[in-house]
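> A predicted structure for the sequence below; I have some questions about it.
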Amino acid sequence: MQYQGRMHQLQRELIGRYYAEATRAAATGEPKVAYLLVSGNPVELLRAMDMLPIYPEINDLQLAVRKESLPYILEAEEFGYSTDNCAYVKADVGIFLRGGKTSYAQIPRPDLIVCNFVGCNVYLHWFEQLAEYYKAPVFNLDVPFVRDATGRPEPGDVAYLVKQLEQLIEIGEKMTGRSFDYQRLQRIVALARDTEDLWSEIKHLNKTSPAPFDGYFDAGTMMAPMYCLRGTEGGLRFFQETYREMAERVQNGVGVLPQEKFRYVIEGPPPWPYYRTFRDLFSKWGAVAVASTYSTVGGTWEWGFRHDPQRPLESIAEHMMLHNVSNRSLLLRYEQIKRYIEEWRADALVIHSIKSCRLFSAGQGDMLDYFSRGLGVPTLLVESDLEDPRYFAEAQMRNRIDAFFETLEHRRLTKRGSGLGEGVKA
């Protein structure tokens, strides 16, 4: 099947320009480059310092979707990395070992490495190693984990993080030789806020039936502009046009598939090397992902959070700490999924467990039991990897997905689908 639309075309154009800018920075040394992570990051602050944000995770998934990741992974393993290491880390080390050369861009060396530690201790080791390889300074942002069961911050947590952001500003001033422009930060934060408004509205459009886009696969396409270009005019225009396209689909009753038969929520990152194949395994059943936890690794804006240009540093800190799925407890993740299932009217939950990502995969066995046995939600668990193509067993994956939807279809046809579902594990 073909999945085309104005949104996909715009995304390719924007990300193409983003990587063209990265290639120029590699050749000229300008602008200064900061490496950072997707989950809960202070990209608005770095843009206000005229630094180009580069995301190793996004570089790695670009390799994977082009089916080019394995040689980079193998090179890292030959260098000494274990097969059990995070595949993103290994692909990124492969990029370093190849001098930043990829088929889509020349990845620039970092002038500054900003490790926004949110929930995954691999981040710390990964960026410390990059700092050693590139001989670049590293600044670790110690983001407090959300410990309260309701998702509220502990007293002093926001102030603690704001102080670190002020220290990051001082580093940026010394590196660029320019005084920090607070008003420019406010303008960038305002652009981010307007972008978040649209992203949230787009996600809420999927509460309609048929859903105008796939909340996992198409949302993955939207995530790149959200993170690479948040706080820019180009990023805002992308979401303005995407919202218009999706709202028009809703108005005309046009779904992402010719016939929407099943609506599901999905947990976990996608298998980027087999992105299209994985999507088609669901689409053949008329199954559409109406919401996903993965689309919130960088922010849970659909629950109402917005960056605030009147309190830019405080709202950046709140976003980093409180409003991304990676820095929250499993119980809060359960509540997020439950809310998706209820409000987006999903028929089932799919859990995609990632071999090399402990952050997302830890606790997913309990999650399967909680939703299937505790709440009676039909739940399927399948396993592969987000970057390493060696761990995607297509025939086994197809058999499990087919069996799951055959069961759902049978229950629907025989009117015995009371909601009581058993988890199915691949």
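Here it is on my side, so go on.

> what sits opposite the closest residue to residue 128 other than its chain neighbours in the beta ladder?
Nearest non-adjacent residue to residue 128, counting by C-beta to C-beta, 6 or more residues apart in numbering: residue 138, 6.4 Å away. C-beta coordinates here come from the backbone N, C-alpha and C atoms, glycine included. Beta bridges link residue 138 to residue 113, judged by DSSP bridges.

> Pull the number of nearby residues for residue 138.
The number of residues packed near residue 138 is 18, by other C-beta atoms under 10 Å.

> unless I'm mixing things up, it is touching residue 127, no?
Yes. In this structure, residue 138 is within contact of residue 127 by C-beta atoms under 8 Å, at 5.9 Å.

> And the helices in the stretch 151-300 of the chain?
157-176, 182-205, 217-228, 233-252, 275-283 (DSSP state H, counting those that start in this stretch).

> Which of these sits closest to residue 76?
Taking C-beta to C-beta, helix 275-283 is the member of the helices of the stretch 151-300 of the chain nearest to residue 76, at 21.8 Å.

> who touches residue 23 in this structure?
By C-beta atoms under 8 Å, 6 or more residues apart in numbering, the contact set of residue 23 is 105-106, 108.

> among those residues, which ones are buried?
Applying 16 or more other C-beta atoms under 10 Å to those, the neighbour count classes 105, 108 as buried.

> low-confidence ranges in the protein?
1-4, 119, 415-426 (pLDDT under 70).

> so what are the domain limits for it?
Recorded structural domains for the chain (assignment: automatic domain parsing) are 6-183, 255-425.

> Identify whichever of those domains lies nearest to residue 243.
It is, among the domains of the chain and with distance given as C-beta to C-beta, domain 6-183, at 9.5 Å.

> Span of the closest one from start to end?
Its start and end residues considered, domain 6-183 measures 34 Å (C-alpha to C-alpha, to the nearest Å).

> Pull out the buried positions in stretch 60-73.
Applying 16+ other C-beta under 10 Å to stretch 60-73 flags 60-65, 68-70, 72-73 as buried.

> Dump the residues you listed into TSV; add distance to residue 366 and secondary structure as well.
Output for the buried residues of stretch 60-73, formatted as TSV (distance: C-beta to C-beta, whole Å; DSSP: H, G, I helix; E, B strand; the rest coil):
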residue	distance to residue 366	secondary structure
60	28	helix
61	27	helix
62	33	helix
63	32	helix
64	28	helix
65	31	helix
68	35	coil
69	30	helix
70	32	helix
72	33	helix
73	30	helix
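
> Adding distance to residue 349, write those residues out as JSON lines.
As requested, the buried residues of stretch 60-73 are exported to JSON lines (distance: C-beta to C-beta, whole Å):
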{"residue": "60", "distance to residue 349": "27"}
{"residue": "61", "distance to residue 349": "24"}
{"residue": "62", "distance to residue 349": "29"}
{"residue": "63", "distance to residue 349": "29"}
{"residue": "64", "distance to residue 349": "25"}
{"residue": "65", "distance to residue 349": "25"}
{"residue": "68", "distance to residue 349": "32"}
{"residue": "69", "distance to residue 349": "28"}
{"residue": "70", "distance to residue 349": "30"}
{"residue": "72", "distance to residue 349": "33"}
{"residue": "73", "distance to residue 349": "30"}
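
> Would you map the strands across the stretch 301-426 of the chain?
Along the stretch 301-426 of the chain, the segments classed as strands by DSSP state E, counting those that start in this stretch run 348-354, 379-384, 424-425.

> do you know which of these lies nearest residue 326?
The closest of the strands of the stretch 301-426 of the chain to residue 326 is strand 348-354. By C-beta to C-beta, the value is 13.0 Å.

> neighbouring strands for the closest one, and are they parallel or not?
Strand pairing (DSSP bridges) places strand 348-354 next to strand 262-267 (parallel), strand 379-384 (parallel).

> Give me whichever of those is most buried.
strand 262-267 (a mean of 26; mean count of other C-beta atoms under 10 Å).

> Identify the residues contacting that one?
By C-beta under 8 Å, 6+ apart, strand 262-267 touches 209, 211, 215-216, 282, 285-294, 333, 337, 340-341, 344-352, 360, 364, 367, 405, 408.

> Which members of the residues you listed are classed as buried?
211, 215-216, 282, 285-294, 333, 337, 340-341, 344, 346-352, 360, 364, 367, 405, 408.

> Tell me where the stretch 1-150 of the chain has helices.
Counting by DSSP H, counting those that start in this stretch, the stretch 1-150 of the chain has these helices, from start to end: 6-28, 43-48, 56-65, 69-79, 87-97, 121-134.

> And the ones you listed: which comes nearest residue 192?
helix 43-48 (5.5 Å).

> packing partners for that closest one?
strand 51-54, helix 157-176, helix 182-205, helix 312-322 (3 or more C-beta pairs under 8 Å, 6 or more residues apart in numbering; DSSP states H and E).
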